[in-house]
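Chemist: 3D model of this:
(one chain, ligands or ions: 1)
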Amino acid sequence: MSVRSVITSILLIAVSGFGAQVALAQTTHPLYADLGGEAKVTAFIKDAVALWEKNPVLAEAFQSADSERLQGQLVQQVCSLSGGGCTYKGRDMKSVHAGMDVTTAQFNALAEDLQTAMAKNAVPFGAQNRLIALLAPMKRVIVTK
Ligand code: HEM
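Modeler: Modelled structure (predicted):
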């Protein structure tokens, strides 16, 4: 084996090792872990739903919602979106919110309350923003008014 091929092999091993580390970091440390895992996600979703139900901009929309069912679906959805390994089994965002005439102001109020609930549960600011960024594109199908 020439010196050059030895160096190439070492480089390849180093590069693939680095790649494996990146892959490992992605599989073992997703956003879900940064959010605090199941206990914390459950806690901040519960707090968020309570805030939505008393927020003047949102209260009417949530008046007849089944809070416990909603919380369960949201915890599952957040887990699924943030790499926690769950499968969201609820209804799709377009059909759930169809006919609610959701406004941009309501969408923003809901996101703000969610952020407040995460802050209350000491979710790091960066993780809060990453979750909000994952939810933001849903605005296209949820806001219809
Ligand atoms: C990123 C924003 C949002 C997300 C991720 C989201 C997610 C969800 C999920 C997962 C459900 C439960 C689905 C199911 O039961 O199968 C749900 C239900 C509901 N959402 Fe949203 N939602 C969002 C924005 C909004 C906004 C802005 C409003 C109102 C102003 C709203 C009002 C409701 C109501 C009232 C229900 C209960 C429907 C029912 O059980 O009859 N949502 N949402």
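
Chemist: interface residues of this protein facing the ligand?
Modeler: Contact residues (C-beta under 6 Å from any ligand atom) of the chain with the ligand: 58, 61-62, 65-66, 69-70, 73-74, 77, 90-91, 96-97, 100, 102, 106-107, 110, 135, 138, 142. C-betas here are computed from N, CA, C, even on glycine.

Chemist: spell out the secondary structure type for Lys89.
Modeler: Classification of Lys89 using DSSP: H, G, I helix; E, B strand; the rest coil returns coil.

Chemist: I figured it hits Gln76, correct?
Modeler: Yes: using C-beta atoms under 8 Å, Lys89 is in contact with Gln76, at 6.6 Å.

Chemist: the two: who's more crowded?
Modeler: Neighbours per residue, other C-beta atoms under 10 Å: of Lys89 and Gln76, the larger number sits with Gln76, 18 against 10.

Chemist: pull the contacting residues for the more buried one.
Modeler: Cys86, Thr87, Tyr88, Lys89, Gly90 (C-beta atoms under 8 Å, 6 or more residues apart in numbering).

Chemist: where along this structure do the helices fall?
Modeler: Under the criterion DSSP state H, helices of the chain are mapped to 3-28, 31-35, 37-54, 59-62, 67-81, 93-97, 104-120, 125-135, 139-142.

Chemist: on that earlier part again, can you say which of the contacts of Gln76 are buried?
Modeler: Buried members of the contacts of Gln76, counted by 16 or more other C-beta atoms under 10 Å: Cys86, Tyr88.

Chemist: quick check on the residue of the chain at minimum distance from the ligand: phi, psi?
Modeler: Nearest residue of the chain to the ligand (C-beta to the nearest ligand atom) works out as Gly90 at 3.0 Å. Per-residue torsions, Gly90: phi -80, psi -180 (degrees, to the nearest 10).

Chemist: go on, Pro124?
Modeler: Backbone torsions for Pro124, taken as degrees, to the nearest 10, come to phi -60, psi 140.

Chemist: leaving out the residues flanking it, which one is nearest to it?
Modeler: Distances taken as C-beta to C-beta, 6 or more residues apart in numbering place Asp34 nearest to Pro124, at 6.4 Å, with adjacent residues excluded.

Chemist: so where's this structure uncertain?
Modeler: Applying pLDDT under 70 to the chain flags the ranges 1-28.
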